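Peer 1: This is the structure alone, sequence omitted:
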């Protein structure tokens, strides 16, 4: 099985991190193809960069999805998820969506840790858009940018654990979802210090993508996730234009 | 991997059906152990039988879960799910829960087909208890009991397809979840006649159980899903008493 | 009038307490019959014990409800409420349900005091299952086990009052519901120190049960609360089997 | 016990009907005092008449509540309920509120029958304001004005039964609440033709008012239902002015 | 254009303040007519005074709305809004409603500052009644009565700014709505110290009223906001009686 | 005042229509600048085109917003609204958002008419994302493409009126919002045949943009709508890159 991991950020370091964690999380025999955005923000951190990233995701999947069995959106705002899911004939899973839905299967309410006060409302809106607002016990925000650098991150680790414990203690969280593409792999390292499951969104997304492939469900032929077909787009990548003309 | 499939109904035929579909849905190398309730209703079809079934599930998992890597609740009301999830050190997945959460990953709102007007409110309440009420596009109820008999079910098949099409057409459902333990395997047969994905809850539950095993998340050490420990129960099965005394 | 007070816990002390408060709360002429669970947990304090308690309630009401005019569930998770309500021809009221709905008639949002962080999510889920989440101003949890012992409980009393005042002050609670079967009778003692009504769930439940008897509403003949009939159950108490075979 | 039944409509016929049904519903020994609005609409049937009725209720209870143990609002929009509840030292219950909350204790979702399409949104808003929107299965509206005339109402009875059956059949209602002050007493007559409980709001309100009196809960000393005190109002009835000046 | 500003409080000082701010906020050429309640509370601060104020609003608009192009409700509970909107042929806007809806157009969740803990629940209920509960980030309450006096209010200003900053910092508010009729004009003065938009409800209400006039939408001819017609009211102002008789 | 009307569709005809209606709706002295998308779909009609359109909106406003006092998003999915609102120092209003929020000020629940079953879920999601789901009475979908052609559209007009009447009659809608950029101007023509206000989203958006300009609220300096600053984007239009580098 081949899974396309789509990072609409234009930073290779994020792609490396999510690609590595995707490979570490995947079942034996699953090949991971990780690609990086060609235009837009280095690390999407604003609503306007997210808007550009939506297009970037469409461009990336139009070019790279052929030959892949499933796609994982590796930006924690699930940037471009709905459009890519509609456009492609294969399953598309968002990393935060997968983390939240997998957490639901552990029972109880979910604590969520995010990065950057500025973008916290985007996560609120994302969880609400999945109809999961009632499943969220609480939110915590870290401001550290350490995760984007290589090397050890002891201080960040301490903050993460403290936030998780606080979510458990004060908000009654029964699982913790750690958002952020660069956080891929971190939960495994910190799990021993957290008394409830600490969810790695990338690991969930890769496994859920595999699961959907195994279920073998068909592409919808009607509704808002049916493939658009015979539509003319102008001034877009050839791969994008071809996908819209051909799909369906 | 060994997955325990727990049917709190006291009818072997349901166990056979869900066991067969569980085996058909599982990954290569997954062993399915399907067990049948020893007390209570033949086929749970009332709130009071469901209440007895809650206990039955606890009794079944106390006896049979040791040696298994995960548990699937094979009654479509997810009877006993929360108690078993708390009690056991391994993942426990409800079949309807798994079907609904998996459907969420396909995008859009979900149409749900159930059996028996009398128990429709139980499904409403179940979906609401998962915080998923906003994801439901609509409900359809069939009254047929044909599924509990062996042999072909052409009439039932036609009703199922008609219900699915109606959910798509009138309620805008973008996926269809077919509930009912005895429906395991039916979606695969009818998918060709339905223009959106038709979800087999048992297939989802087995695959999600495998996924949770692969994620290797720890048992919570605190909260309402931590294992109870050192608790004395009276007049229950020895396996149940031992589980409550030892757990934690 | 004769009201059956059903304590699915297997501890006589809880039965004594709720029975005494039920008698103190009832109208003149109401006879209270209080019964204790014969199997399961001493004091239900986990999801799995609650699951067993669901069955226990069905067993208790099958044996003891004949000859009674109404039933009160005297476990604060309202354990077995829905099943018993369906099964019996007489009104069945849960003590927490009755406390919350009565509080609604006083106006404003409700503060709820519970015992044990571990089980707080069960109360969240219970209130949500009644559709009353929007009526809850806030929650406070006490960890004391003093209530299960005889004698004075000054320390517990102080904690209860402090929690109530905090709910009023910080969360804007306009009434306080004190959950917990062993708390029956406590609100009357502490009311003088709390500036908003302090609700005794057992008192509410007994009075609401009497009220429903006086209204004389019929048993539903259809829907999920109609009596099941002609159903064969195996390996259950004779009274249970008879009830399912005969009901309807 | 003496219960004041407050009809802010300025039509005696409604007062007679609700008074009679209040007497028929009350416990032995309860005295019913029914009063009629002195200004405003004949039968409140618009938002603007309801606004005037809010004042009318305050005026009526300021004059007549002294000496009464509880108050029932006998307009089906529960006109003036919150203000009267705040102002008075005794329990105040709205008839529709009481009907809905009592119906909750029967389990399942509620079908509601109202009169006049024009005012249906007011009932929607009322149920939502009580936090009960999720408990409503569906609504039906009748246009008949027959209820305001004396004599037999066979046609109206047929429409009511048909609406109730339709709510049960199509919307899955498990109880039916019949709103409308002039409908007091009708449910008892039609219950035999409806397979689920048919709720008489006035009967519920009187019984719930008695129940609150028996519980003996204190007037809140803080919050939005504490009595206002020492407030000067101008150009209002002497009884109203006195009540605001003295209360608290 | 002429806009009627309706203050159902019976205090001229509030009318002066809201009238002045209305004039300051209005477009050139808009004439503001501000009127004061003739009966009821000095400054509505309780549910019962609000109930009387509902009638007062109807009386004021019945007398003064003829000749005006729109009406603004200048009591922060939007007292009488729905009734006046139904009754009159011209647009009617509530000041808090207008503040909240305008804030929605700035994006994100709204922090709300109110006066008086006692009446905070009324604002909760108001926001919920507009279906906007999910848009509210948090609430802060001030107890100061300074605003009702003339002169500088430095201490109050500091408290307002501190509350606004706290809503931004801790609750993630992205705009702040300052309720209270006497607060009209204050946001402009304090905006420089608050890092997100600080909304003046009166300014919004006047501008939204103008906007609705310019849109030129017709009065509904059906539904709960169609004008009542041909209705007989007793013992009300002649203007009120005439309005109900004539409307429609 | 100058308002930029942004049509991320790449069809001039839509720009012409919305520009004309914007001009017709604007206050005297307001200049309308209408621009057309340079890349992407002809008429956005799928999730993937919408994703590309998000970027297109950012590109258009980066180039054309300087010198304008406000921006109106003239695609009925409010494509790019949140990103543009964050990025720009001037108010940005979405046409559907403006239509819905303005409708709220008329009172009651809103019926919404959309075009194309396929994209109905996008409107559901849009209304829910504004927190307005509870304000929607119902939805109707038309499939006509006539609106994209010039000339008379009698058949379409008849369908629109029939849909509006049905929303009023069956769903209790008290206002009707007509979505779709090409529908700009149509409500004025059809209003006479519809008994409740028929809302023109473009007219509302232009007027609301003017209103926000007049209110003179500042750009937020913190939160998710503060301007991003000093951010490096690659391979985007020079105007986009400059905007992200300079903003803040």
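Peer 2: Good, I have the coordinates. None of the values given here were measured: they were computed from a predicted structure. Numbers count the residues shown, from 1 in each chain, chains lettered A, B, ... in the order given.

Peer 1: From residue B:131, how far off is the nearest residue to residue A:172 once chain neighbours are set aside?
Peer 2: Once flanking residues are discounted, residue A:172 sits nearest to residue A:137: 5.4 Å by CB to CB, 6 or more residues apart in numbering or on different chains. For the C-beta atoms, the positions are set from N, CA and C on the backbone; glycine is no exception. Using CB to CB, to the nearest Å, residue A:137 is found at 11 Å from residue B:131.

Peer 1: Neighbour count: these two, which is higher?
Peer 2: Neighbour count, other CB atoms under 10 Å in any protein chain shown: between residue A:137 and residue B:131, residue A:137 has more, with 21 against 18.

Peer 1: Is the more buried one located within a strand, as I assumed?
Peer 2: Yes. Counting by DSSP: H, G, I helix; E, B strand; the rest coil, residue A:137 is part of a strand.

Peer 1: Might you report the residue contacts of it?
Peer 2: Contacts for residue A:137 were tallied using CB atoms under 8 Å, 6 or more residues apart in numbering or on different chains; they are A:108-111, A:167, A:171-174.

Peer 1: most surrounded residue in these?
Peer 2: Result: residue A:111 is most packed of those (other CB under 10 Å), 30 neighbours.

Peer 1: State whether it is indeed within a strand.
Peer 2: Yes. Under three-state DSSP, residue A:111 falls within a strand.

Peer 1: if I pick it, what's in contact with it?
Peer 2: With CB under 8 Å, 6+ apart, residue A:111 has these contacts: A:136-140, A:164, A:167-168, A:171, A:173, A:175-177.

Peer 1: can I get those in CSV with pLDDT?
Peer 2: Below are these laid out as CSV (pLDDT from 0 to 100):
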residue, pLDDT
A:136, 98
A:137, 98
A:138, 98
A:139, 98
A:140, 97
A:164, 98
A:167, 98
A:168, 98
A:171, 97
A:173, 98
A:175, 98
A:176, 98
A:177, 98
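
Peer 1: Return the closest of those with respect to residue E:231.
Peer 2: Nearest to residue E:231 among the contacts of residue A:111 is residue A:136, at 48.7 Å by CB to CB.

Peer 1: hang on, isn't the closest one packed against residue A:127?
Peer 2: Yes. Using CB atoms under 8 Å, residue A:136 is in contact with residue A:127, at 5.6 Å.

Peer 1: Can you pull the residues that touch both of these two?
Peer 2: When CB under 8 Å, 6+ apart defines a contact, the residues bordering residue A:136 and residue A:127 alike are residue A:112.

Peer 1: count of residues packed around whichever residue of chain A sits closest to chain D?
Peer 2: Residue nearest to chain D within chain A: residue A:134 (11.5 Å; CB to the nearest CB). Neighbour count for residue A:134, taken as other CB under 10 Å: 18.

Peer 1: can I assume it is in contact with residue B:129?
Peer 2: No. The criterion here is CB under 8 Å, and residue A:134 misses it with residue B:129 at 10.0 Å.

Peer 1: Can you check which residues contact both of those two?
Peer 2: Common neighbours of residue A:134 and residue B:129 (CB under 8 Å, 6+ apart) are residue C:128.

Peer 1: who's in contact with the most centrally placed residue in chain A?
Peer 2: With distances taken as CA atoms, centre = their mean, residue A:95 lies nearest the centre of chain A, 2.3 Å away. Residue A:95 sits next to A:18, A:72-76, A:78, A:181, A:201-202, A:204-205 when contact means CB under 8 Å, 6+ apart.

Peer 1: Phi, psi for it please.
Peer 2: Main-chain dihedrals, residue A:95, degrees, to the nearest 10: phi -70, psi -40.
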